[in-house]
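In: sequence below, structure please.
(one chain, ligands or ions: 1)
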Amino acid sequence: MSTFSPEIEVAIARVRADVARLHGELVRYGLVVWTGGNVSGRVPGADLFVIKPSGVSYDDLAPENMILCDLDGSVIPGTPGAERSPSSDTAAHAYVYRHMPEVGGVVHTHSTYAVAWAARNEPIPCVITAMADEFGDAIPVGPFAIIGDDSIGRGIVETLTGHRSRAVLMANHGPFTIGSNAKDAVKAAVMVEDVARTVHISRQLGEPVPMPQSAIDSLFDRYQNVYGQAPQGALASSQDPGR
Ligand SMILES: O=C(CO)[C@@H](O)[C@H](O)COP(=O)(O)O
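Out: Coordinates of the predicted model:
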């Protein structure tokens, strides 16, 4: 039985609650069917993260059946939920947490339009202001990678390191998003599907018109640093649970 300090136990409980609740957002925004897709969140102050069990109905997800893992993706024995197998993408999420310390949340979905772009191995061009705001660039395509080991994680890290985008379309698979916490990564998953749909529809009408790079830069800077009630701060910001 693992024991943690009272402060870490509080942080674990908060991330368990956040990660369980945020899976409902994937359903609410129509990003998943059946049990496809997963959310994880890093535990602030510890080399731990929380992820869902594999293949369990979204209706049955609750804080006590979320699974606590170390940053190698190993389940922490004796903790609530540890009797079940974690998400098939656990090794991928763990790889991202190990190699991108600024990341506090990782999300994968099979959202329709983003997967359609991934199936064509085609980046989504940055041709609308909402996309410049949120992603500051095209949504890149990552390599084709086998499910189950850390190949997907390596592809995510290779593709997104040094890139403004918090979303990558893994070839022939679908979107993976990162964020400063689990909620931020879910937001990126919602937004990547929205821009994938809009740019797809635009292309049915003709060729989308590129935006000047200076406009993209300026929009990204405004949205990350000025928009809303407090600066969003891109990905360099804290890993506090954003509730
Ligand atoms: O596409 C994949 C595998 O990458 C998964 O997203 C599954 O569709 C859902 O897997 P679990 O998280 O339930 O294991």
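In: only C-alpha atoms from now on, for both contacts and neighbour counts.
Out: Noted.
In: show me the strands in the chain, by range?
Out: 38-42, 48-51, 67-70, 105-108, 141-142, 167-170, 174-179 (DSSP state E).
In: report pLDDT for the closest residue in space to residue 197 that isn't next to it in sequence.
Out: The shortest distance from residue 197 to any non-neighbouring residue, by C-alpha to C-alpha, 6 or more residues apart in numbering, is to residue 113 (5.3 Å). pLDDT for residue 113: 98.
In: name the nearest residue to residue 170, ignoring sequence neighbours.
Out: residue 142 (4.5 Å).
In: look up how far residue 198 lies from that neighbour.
Out: According to C-alpha to C-alpha, to the nearest Å, residue 142 and residue 198 sit 21 Å apart.
In: just residue 64 next, same as before
Out: In terms of C-alpha to C-alpha, residue 64 sits 38 Å off from residue 198.
In: wait, isn't the residue nearest to residue 197 in contact with residue 196?
Out: Yes. Look at residue 113 against residue 196 with C-alpha atoms under 8 Å: they come within range, at 5.4 Å.
In: out of the strands of the chain, nearest to residue 159?
Out: strand 141-142 (5.8 Å; C-alpha to C-alpha).
In: quick check: residue 89 touching residue 147?
Out: Yes. Applying C-alpha under 8 Å, one finds residue 89 in contact with residue 147, separated by 6.9 Å.
In: what parts of the chain come near the ligand?
Out: 35-38, 54-55, 87-89, 147 (C-alpha under 6 Å from any ligand atom).
In: hmm, 5 Å instead?
Out: 36-38, 54-55, 87-88 (C-alpha under 5 Å from any ligand atom).
In: so of the residues you listed, which ones are in helices?
Out: Assignment to helices by DSSP state H places none of those there.
In: who wins for neighbours among those residues?
Out: Per-residue neighbour counts (other C-alpha atoms under 10 Å) across the residues of the chain next to the ligand peak at residue 38, which has 28 neighbours.
In: identify the residue nearest it in space, chain neighbours excluded?
Out: In space, residue 38 is closest to residue 108, 5.3 Å off (C-alpha to C-alpha, 6+ apart).
In: and the one you found, what does it touch?
Out: Listed by C-alpha atoms under 8 Å, 6 or more residues apart in numbering, the contact set of residue 108 reads 37-39, 174-177, 189.
In: 6 Å instead?
Out: 37-38, 175-176 (C-alpha atoms under 6 Å, 6 or more residues apart in numbering).
In: same question, residue 55
Out: residue 35.
In: also residue 85?
Out: With C-alpha under 6 Å, 6+ apart, residue 85 has these contacts: 53-54.
In: pLDDT at it, what is it?
Out: 98.
In: one step back: the more surrounded of residue 89 and residue 147?
Out: With neighbours defined as other C-alpha under 10 Å, residue 89 and residue 147 compare such that residue 89 has more, 25 against 15.
In: which residues are in contact with the closest residue to residue 153 other than its chain neighbours?
Out: Excluding its sequence neighbours, the residue lying closest to residue 153 (C-alpha to C-alpha, 6+ apart) is residue 92, at 3.9 Å. The contact partners of residue 92, taken as C-alpha under 6 Å, 6+ apart, are 150, 152-153.
In: so residue 91 makes contact with residue 149?
Out: Yes. Counting by C-alpha atoms under 6 Å, residue 149 is a contact partner of residue 91 at 5.5 Å.
In: looking at the two, which is more packed in?
Out: residue 91 (24 against 16).
In: please tell me how far the more buried one sits from the ligand.
Out: 10 Å (C-alpha to the nearest ligand atom, to the nearest Å).
In: just to revisit the earlier point, between residue 142 and residue 198, which is the more surrounded one?
Out: Using other C-alpha under 10 Å, the more surrounded residue of residue 142 and residue 198 is residue 142, with 28 against 14.
In: understood, closing this out.
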